[in-house]
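Asks: No sequence on hand, only this structure:
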């Protein structure tokens, strides 16, 4: 039997890596890339389950899924952290370093 690669396995792996790197850009690109990676994973997994002996690179597909989940998790944690800092220190302090230092000193003196 002639085995072939799953059509989106490499794309899922790349999107999983991009989702981890994308968490550094305020988390939004990480969530988008991870969600697309999981969608493509589900399509290829259904294809693989129909005939497992026909496909070679299920390990790449599964690794991409794991990376996508990690990327989405880190991105969500980053967004939650930004929101908490925004409520605690004020949204204007997130963009002004001097104001953030003043508010940190005020919190330490309390």
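Replies: All right, it came through fine. Predicted model only: the values in this text are computed from it and were never measured. Numbering: from 1, shown residues only.

Asks: Summarise which helices and strands the helix or strand hosting residue 16 is packed against.
Replies: Under the criterion of DSSP states H and E, residue 16 resides in helix 9-21. Secondary-structure packing of helix 9-21 (3 or more C-beta pairs under 8 Å, 6 or more residues apart in numbering; DSSP states H and E): helix 28-50, helix 58-89. Bear in mind the C-beta positions are built from the backbone N, C-alpha and C, glycine included.

Asks: quick one: the very next helix or strand once past the longest one to chain centroid distance?
Replies: Right, helix 58-89. Per DSSP H and E, the first helix or strand lying C-terminal to helix 58-89 is helix 97-109. On the basis of C-alpha atoms, centre = their mean, to the nearest Å, helix 97-109 sits 31 Å off its chain's mean C-alpha point.

Asks: how close does the residue nearest to residue 100 when sequence neighbours are not counted get to residue 45?
Replies: Using C-beta to C-beta, 6 or more residues apart in numbering and skipping the chain neighbours, the partner closest in space to residue 100 is residue 93 (4.4 Å). For residue 93, the distance to residue 45 (C-beta to C-beta, to the nearest Å) stands at 45 Å.
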